[in-house]
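> task: produce atomic coordinates for the following.
(3 chains)
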Amino acid sequence: MLARDAENLFWAGRYLERAEDTARLLDVTYHGLLEANVAEQRAAWLSALEAVGLSEAFAATDRQVTAANVSEFLVRDSENPGSIVSAVEAARENVRTVRESLSTECWEAINSFCLSMRSRNLEIEIEQQPHELYGFIRRQCQTVAGVASETLARDDGWRFLRLGWNLERAEWTCRLLRVRQVHLEAPGFHEWVGTLRSASALEAYRRTSRGSMDPADVIEFLLLSDSFPRSVFFAIRSAETSLRELCAGDEPSQPLRLVGRLRAELEFADPRELLSGDFEGELIGIERAIRGVCTAVGVQYFINIHDVDLHMLQLFPGAGVE
Amino acid sequence: MRLDIRYRTTFIYDDIVSESQNELRACPIADEYQELIRYRVTVSPATKVASYIDYWGTRVDTFGHRSPHVGLEVLAEATVETKPRPQPTGASRPEALADPQFLDTHAEFLERTPHCDWGQRVTDLAAEQVRLAGPDVVSRILALHRLVGTSVEYRKGITEVGEPVDEVLAHGYGVCQDFAHLAVSFCRSQAIPARYVSGYLFTRDETVLDDAELNDDEPVRVQTHAWFEAALPGWGWFALDPTNQQAVGQRHVKIGHGRDYDDVQPLRGVFSGAAGAMVTPDVEIRRLAMAETAPPALPGRLLQQHQQQQ
Amino acid sequence: MASDLFSEYDTEGFFDEVFEATGAPRPHYAGLLKRLSYFSAEELARRERRRDAAFRNQGITFTVYGEDEGIERTFPMDLMPRVITAAEWAHIEAGLEQRVTVLNQFLDDLYVGERAAIRDGVIPWWVVTSSDGFSREAFGIPMPRGARCLVAGIDLVRDGEGTYRVLEDNLRSPSGISYVVENRVAMTRLLPQMFTDTPVRPVDHYGRSLLGALNRVAPAAGGDDPTVVVLTPGVFNSAYFEHVFLAAHMGVELVEGRDLVVDDQVVYMRTTKGLKRVDVIYRRIDDAFLDPVVFRADSSLGVPGLMSAARVGSVTIVNAVGNGVADDKAVYAYVPELIRYYSGEEPILPNVETYLLWDPDQRAAVLDRLDQLVIKPVAEAGGYGITIGPAASEQDLEKCRRDILSDPRNWIAQEVVSLSRHPTLIGDHAEGRHVDLRPFVLTSDVVEVIPGGLTRVAMKKGSLVVNSSQGGGSKDTWVLARTRDELEADVVASSVNVESGSTEVSA
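Take a look at the predicted model:
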């Protein structure tokens, strides 16, 4: 397929995942704090900003760390490229340029999602019915994923869409774990419940752990579960599948090699060993490895389509360079 | 006069260039005043060159490079035999310029173009000269040609490339293409069809064509040159070189003509990937001993006559 | 029993597509009117809302420039379709085939031929050379099968007598076919009942027909299965939806200039698996932006080296470069003569009476009655720059007069055609609105006219401007299939001809 189309689909996947993750994080953070004091609130919102990787961007706006300001920033600030509104618009723009290689249903799902975001009064909703708003965004993202899954041919386009989706998810879950682990010095029961909720993992976790809220179990679940689709391992393994299919029997590409190594590392990791050592360092290493895969994907498949910067030659008789 | 021409342009890019595409117009035209004996284009690094004759009758060599490269050299070699040009004979009345048939076939040489987009001052100056020259079209063309010479002084490095004719006229400096564009504009403003000519001139200094000062045994290193041709009803195209105020003769080697510079730009192209390029154009012309030619008919009789009228 | 929709309807003396001057409905609308009468105004309004939501969600939009930085708008489709009889259509089809064939011949004659029409004085050379659309850069570039306008959109209007006339030729990148197909899809969903009793010829085969035509002009190197792409300026172009539509309906890649690259006069596209050769480019980019080596140096939309590839015949650019000369509105005035010259036939579809303003006599006559004429710039498309005399203010007319005097070659004047009107739903009732018709014509080794075309509606009361960019709407356009009676009549007629023919041979 066209390299540019592949890149657009890859990014559409990333943006949609980003929108969904951010909505879930906001929902959990907001509702987890209803009974908390001001200091706790501030810490929790800071940690949310860090989990989406936008602490510095927020600091640059010179706004106070309050629920309203952070929500505003993460939902509807179109100046913030990481906001939900920006992500949804960007996903639509990416998909718009590859519409001919998508199903009409899939395009319609994304387009109507974007149009309804434009028509909602987000300012009021953030304040008055945040749960409904975040639920709506989550459902819309899931609808798009479902429609895509049900209507798209399993071709290279599908693979790039899934690849972006999964790499974004792996990185996001990893960062969420790291932030939660570090920020809340000794996270208690409620914090871990919140973390699991942020990853839509609470019910699934309960079924496997039967009531335990041992941090090691939670971390193991979110990082290494081979059955939960939002765990880092699961997402990396899905990304590996996409990249393997993209090679279609040819020699493994560089991104496939990288993602395969990362998958193996996670697959055979010992959770106790991870936790007893420099766990934060390990998580940082995984995040870096994921970004390395993204870069390799770009080099392998998308390179050469950017900045085809053209320069003119102008030679005039008699006035030329001497 | 038999001349050997080597046109060479070298590009040194600031960085690796991933792609370049170019069009070269350097081949002497074969017409009644010129015989093209040999022509060859070499590009290095080696690439396929595709050639065609464009709308104006000029040969174009196109070539592109898509593997990374840091430099490019184009070499066009030509041997050409130039023949004496007759000077216009007989009188031509201005009414002939308005003949529908003549207008129809020459319309595109009367229009304004990006490089020949003149203002009122050009029109006024030209109209005054035409009035003084009287009803003979040849005299009018010569008067306008002379007007370029008196309006603009040759000076390199002053004018920007592609400067509008109005500005060239305002500050009074220019190089050969400014002279040619101004001459074309003067003519068109007076309803005389005129076209821009790109070519080579066998002389050390393009402002001087005095044979006494020329030593034909040694090769000269120059750049491409430009002059103009005006349409004379019932006769044809009358070629004059305003830069040195002479009629075009055997030292002139024509590449091609067009409405203005853009139609006969010697080298046109784009490249991608790098920030800039150093471009070195270079033309070397030598006279081949085997060719015998009559003494140049320059300056022409009409030209002198006209100057005396002034 | 007529619906309330038409209780107040008045043709106001215009030629009405649906009603005779007497007020009686034309026979071919009878079925439709009956079906329509089953719907209440409220019900129709509900379906209009469904239509709007569907078009918006599907992103069937175009972009309007000039207001803010470009707004996506839907092209409103009126729920009442326009109906054309089989006999009427046969006449239109024959006229379009004749006209487009000749325009192709003229273009090939100009660019690669001996310029016979110039030599024989059918059209002055200077009219050609002074046209903005005349591309000297395209000179000598061959086009397989001479199909220089492979896709043509010819704007037709009906005058006060109901005669179809050609108003404009669009031979560069005519837009609108996507609306033709999408309008039909929308109609079958919104008002499926309306199709009962009315045999309508389908239009959704356009993608297949276009791809077939494009395949037939592929260079020999493309083999049996040439690679065709659609080249778009990008997502910000006003017709981007249509570019997506075309690529999707043909099942080919939609590329931008930066996706293509030229190597040794061969065009390739950049794919995730490296470079892939391209044989035919259906481009929706203007000539001036195609190749920065040859045209505008500042264009980043195009592909450097593309023209050189086209010249050696390794790729076919569709529509060919330089077609603008033949849809120049001054050249338009000569098309009837060109038809007589190249085909030896009388034009089947007449022009609108046109005056050329460089001619001093015609100019003087036009300036005398500027307020009764339509003045158009020769090279613009999309309805930009038009002055409609009877509707213009004193200042507009004065500006128009100055424009004409300063550059007469740039303008033409035409008689005001009292465009036919068609009932259109306005709120809870129908009102007459002016309409035109843009059929689409495909040329390769055969000429194919897609049944119907885009009917555009001037939604503003009394307005004659139907362009989408100027607030026009559209209608689904039905060409009726031949009825059994008509088919039988045809069979009888042709068998008679065969018999008489064979008689002559045997005699």
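
> how near is whatever residue of the stretch 151-300 of chain B ends up closest to chain A to B:Val148?
Residue nearest to chain A within the stretch 151-300 of chain B (CB to the nearest CB): B:Val175, separated by 3.6 Å. The C-beta positions use only the backbone N, C-alpha and C, and glycine is treated the same way. Distance of B:Val175 to B:Val148, given as CB to CB, to the nearest Å: 12 Å.

> what comes into contact with stretch B:127-140?
With contacts defined as CB atoms under 8 Å, 6 or more residues apart in numbering or on different chains, stretch B:127-140 is touched by B:88, B:91-94, B:96-97, B:142-144, B:146-147, B:186, B:189-190, B:192, B:232-233, B:238, B:302, B:306, B:309.

> hmm, 6 Å instead?
For stretch B:127-140, the surrounding residues in contact (CB atoms under 6 Å, 6 or more residues apart in numbering or on different chains) are B:88, B:91-92, B:94, B:143-144, B:147, B:190, B:232.

> host element of the nearest residue to C:Ala152 once chain neighbours are set aside?
Excluding its sequence neighbours, the residue lying closest to C:Ala152 (CB to CB, 6 or more residues apart in numbering or on different chains) is C:Val441, at 4.4 Å. C:Val441 belongs to strand C:440-443 when assigned by DSSP states H and E.

> what is that strand packed up against?
In terms of contacts (3 or more CB pairs under 6 Å, 6 or more residues apart in numbering or on different chains; DSSP states H and E), strand C:440-443 is packed against helix C:86-111.

> if you set the cut-off to 8 Å instead, what comes out?
helix C:86-111, strand C:151-158, helix C:206-216, strand C:447-449 (3 or more CB pairs under 8 Å, 6 or more residues apart in numbering or on different chains; DSSP states H and E).

> report the buried residues of the helix or strand that the longest one is followed by.
Right, the one you point to is helix C:86-111. Of the helices and strands lying after helix C:86-111 in sequence (DSSP H and E), the nearest is helix C:116-119. Of all the residues in helix C:116-119, those buried under the rule 16 or more other CB atoms under 10 Å in any protein chain shown are C:117-118.

> so is helix C:116-119 next to chain B?
No - under the criterion of CB under 8 Å from any CB of the partner chain, chain B is not reached by helix C:116-119; the shortest gap measures 9.0 Å.

> pLDDT of that helix, averaged?
Taken as a whole, helix C:116-119 has a mean pLDDT of 96.

> can you spell out which helices and strands pack onto the helix or strand that that helix is followed by?
Under the assignment DSSP H and E, the closest C-terminal helix or strand after helix C:116-119 is helix C:125-129. With contacts taken as 3+ CB pairs under 8 Å, 6+ apart, helix C:125-129 sits against helix B:100-106, helix C:329-332.

> most tightly packed of these?
Of those, the one with the most neighbours on average (mean count of other CB atoms under 10 Å in any protein chain shown) is helix C:329-332, at a mean of 22.

> quick one: residues in contact with that helix.
For helix C:329-332, the external contacting residues (CB under 8 Å, 6+ apart) are C:123, C:127-128, C:131, C:168-169, C:325, C:351, C:354, C:356, C:376-379, C:409, C:412.

> confidence-wise, which of these comes last?
Ranked by pLDDT, these bottom out at C:Ala379 (73).

> so who does that residue touch?
C:131-133, C:324, C:328-329, C:410.

> one step back: from the contacts of stretch B:127-140, which is closest to C:Tyr384?
Among the contacts of stretch B:127-140, B:Gln190 lies closest to C:Tyr384 (CB to CB), at 34.7 Å.

> so which residues on chain A come close to chain C?
Residues of chain A lying close to chain C (CB under 8 Å from any CB) are A:1-6, A:93, A:96-101, A:104, A:107-108, A:111-112, A:115, A:156, A:160, A:246, A:301-302, A:304-305, A:308, A:310, A:312.

> ok and the helix or strand that contains C:Pro336 relative to helix C:86-111, angle-wise?
Taking DSSP H and E as the criterion, C:Pro336 maps to helix C:335-343. Angle, helix C:335-343 to helix C:86-111, by axes from the mean of the first three to the mean of the last three CA atoms, to 10 degrees: 80 degrees.

> packing partners of helix C:335-343?
Applying 3+ CB pairs under 8 Å, 6+ apart, one finds that helix C:335-343 makes contact with helix C:86-111, helix C:116-119.

> got these as a markdown table, with distance to B:Asp15 columns?
Below are those laid out as a markdown table (distance: least, CB to CB, whole Å):
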| stretch | distance to B:Asp15 |
| --- | --- |
| helix C:86-111 | 40 |
| helix C:116-119 | 49 |
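
> which one of the ones you listed is the most hemmed in?
Using mean count of other CB under 10 Å, helix C:86-111 ranks as the most buried of the helices and strands packed on helix C:335-343, with a mean of 20.

> C:Gly23 versus C:Asp428, what's the distance?
Following CB to CB, the distance that separates C:Asp428 from C:Gly23 is 20 Å.

> before we move on, back to that, report the lowest-confidence entry in the contacts of stretch B:127-140.
Lowest pLDDT among these: B:Ala91, 73.

> Throw the helices and strands packed on strand C:440-443 into a markdown table and include mean pLDDT, thanks.
Shown next, in a markdown table, are the helices and strands packed on strand C:440-443 (pLDDT from 0 to 100):
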| stretch | mean pLDDT |
| --- | --- |
| helix C:86-111 | 97 |
| strand C:151-158 | 97 |
| helix C:206-216 | 96 |
| strand C:447-449 | 96 |
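
> wait, which of the ones you listed is closest to C:Phe19?
Across the helices and strands packed on strand C:440-443, closest to C:Phe19 is strand C:151-158 (CB to CB), at 13.8 Å.

> now do the buried residues in the closest one.
C:151-158.

> same check on stretch A:231-250?
A:231-246.

> check what contacts it and list those residues.
Contacts of stretch A:231-250 (CB under 8 Å, 6+ apart): A:156, A:159-160, A:162-163, A:166-167, A:169-170, A:173-174, A:177, A:201, A:221-229, A:252-253, A:255-256, A:259-260, A:262-263, A:266-267, A:286, A:290, A:293, A:297, A:301, C:272.

> in helices, which of those residues fall?
A:156, A:159-160, A:162-163, A:166-167, A:169-170, A:173-174, A:177, A:221-224, A:255-256, A:259-260, A:262-263, A:266-267, A:286, A:290, A:293, A:297 (DSSP state H).

> quick one: contacts of the helix holding C:Pro336?
By CB under 8 Å, 6+ apart, helix C:335-343 touches C:98-99, C:101-103, C:105-106, C:117, C:120, C:122-123, C:166, C:169, C:345-347, C:350-351.

> same thing but at 7 Å, please
Here helix C:335-343 makes contact (CB atoms under 7 Å, 6 or more residues apart in numbering or on different chains) with C:98-99, C:102, C:105-106, C:117, C:120, C:122-123, C:345-347, C:351.
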